[in-house]
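A.B. asks: predicted model follows, preceded by the sequence.
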Amino acid sequence: MIFDVLTLFPEMIENYFSYSILKRAVDNGILSVNTINPRDYTLNKHKKVDDTPYGGGAGMVLMPQPYVDAYESIVRKENTVTIMLSPQGEPLNDQIVNELAGYEQIIMLCGHYEGFDERIREIIKPREISIGDFVLTGGELPALCLIDAVSRKLDGTLGKIESADEDSFSNGLIEYPHYTKPREYRGLKVPEVLLNGNHKEINEFRYQESLKRTKLKRPDLYSAYIEKLSK
Ligand code: 4HQ
């Protein structure tokens with residue numbers, strides 16, 4: 001999987017892949033991350049990438065030429081999707097993450113300041129994705145969220161022990177509680193059922209805990225789960 005990220009701050013993206021599971025995935029050739037800086041595609045001598053909005057108002061708007069030229073410089077694979085990170089996009093979820101994990105290449109547009117000149121959308125026609133209903137200073141964190149979530153779905157990124165199929169959302173429920181050593185901490189005991197080695201009972205306990213938690217913490221997911229069960 002190739003991730004190509006258009007960003008004015010390439011180091012913000014690159015540094016994230018120097019650690020832990022994603023570093024291992026890059027080293028193993030499961031994914032690669034390239035950054036493209038629209039500032040390198042400016043045609044004016046001050047390397048200006050933004051300007052004041054027509055019609056007035058606060059903030060700066062990203063100019064179309066550096067973004068469109070930077071975008072068009074990327075070598076496209078056959079199976080490629082282009083995504084713009086923006087609060088106006090469809091909210092990211094596990095289903096979309098799975099869908100995106102099926103592409104060979106994901107090109108991402110990260111903005112800053114007030115946002116993109118609308119003609120960038122009109123020309124590139126990206127799929128717009130939001131990581132939540134709040135506003136950040138730039139699209140780099142959302143791009144990293146997306147790359148991180150997609151990467152852990154790729155074959156070989158997670159070891160068998162870290163496997164993704166028992167994660168929250170993979171079955172529409174949030175995860176059951178986890179325990180490790182010691183068996184008792186500050187008077188709080190690990191549930192007895194987890195110690196007896198009966199995997200049928202353990203699975204049943206975990207499933208019931210998942211259900212309970214989802215009902216309590218995410219009634220929206222719980223309703224959807226029950227509805228799907230009864231179909
Ligand atoms: N921004 N989900 C504004 C976001 C955002 C989000 C990215 C801030 C784009 C121009 N992106 N820039 N929430 O808040 O994706």
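C.D. replies: Now that the structure is in, tell me what you want to look at.
A.B. asks: list the buried residues in the helix or strand where Leu211 lies.
C.D. replies: Assigned by DSSP states H and E, Leu211 belongs to helix 199-217. Neighbour-count burial for helix 199-217 flags Ile202, Phe205, Arg206, Glu209, Ser210, Leu211, Arg213, Thr214, Lys215 (criterion: 16 or more other C-beta atoms under 10 Å). C-beta: built from backbone N, CA, C; applies to glycine.
A.B. asks: so the fifth one makes contact with Leu173?
C.D. replies: In this case it means Ser210. Yes - at 4.4 Å, Ser210 counts as touching Leu173 under the criterion of C-beta atoms under 8 Å.
A.B. asks: among the buried residues of helix 199-217, which one lies nearest to the ligand?
C.D. replies: Thr214 (24.7 Å; C-beta to the nearest ligand atom).
A.B. asks: quick one: pLDDT of the closest one?
C.D. replies: Reading off the confidence values, Thr214 has pLDDT 98.
A.B. asks: how about the contacts made by it?
C.D. replies: When contacts are counted by C-beta atoms under 8 Å, 6 or more residues apart in numbering, Thr214 touches Leu173, Ile174, Leu221, Tyr222, Tyr225.
A.B. asks: quick check, nearest of those residues to the ligand?
C.D. replies: Using C-beta to the nearest ligand atom, the contacts of Thr214 come closest to the ligand at Leu221, 20.6 Å.
A.B. asks: who's Thr35 bridged to?
C.D. replies: Thr35 has the following beta-bridge partners by DSSP bridges: Val5.
A.B. asks: likewise for Glu90?
C.D. replies: Here Glu90, judged by DSSP bridges, has bridge partners Ile129.
A.B. asks: not counting its neighbours along the chain, what's nearest Ala25?
C.D. replies: Thr157 (4.4 Å; C-beta to C-beta, 6 or more residues apart in numbering).
A.B. asks: test my guess that the one you found contacts Val150.
C.D. replies: No - look at Thr157 against Val150 with C-beta under 8 Å: they stay out of range, at 9.5 Å.
A.B. asks: list the residues that are in contact with both of those two.
C.D. replies: Common neighbours of Thr157 and Val150 (C-beta under 8 Å, 6+ apart) do not exist.
A.B. asks: mind listing the strands for the chain?
C.D. replies: Secondary structure of the chain by DSSP state E: the strands cover 2-6, 32-36, 50-51, 61-62, 80-91, 105-109, 115-116, 127-130, 184-185, 188-189.
A.B. asks: helices and strands around the third one, which ones?
C.D. replies: When you say that, I think you mean strand 50-51. Counting contacts by 3 or more C-beta pairs under 8 Å, 6 or more residues apart in numbering; DSSP states H and E, strand 50-51 is packed against strand 61-62.
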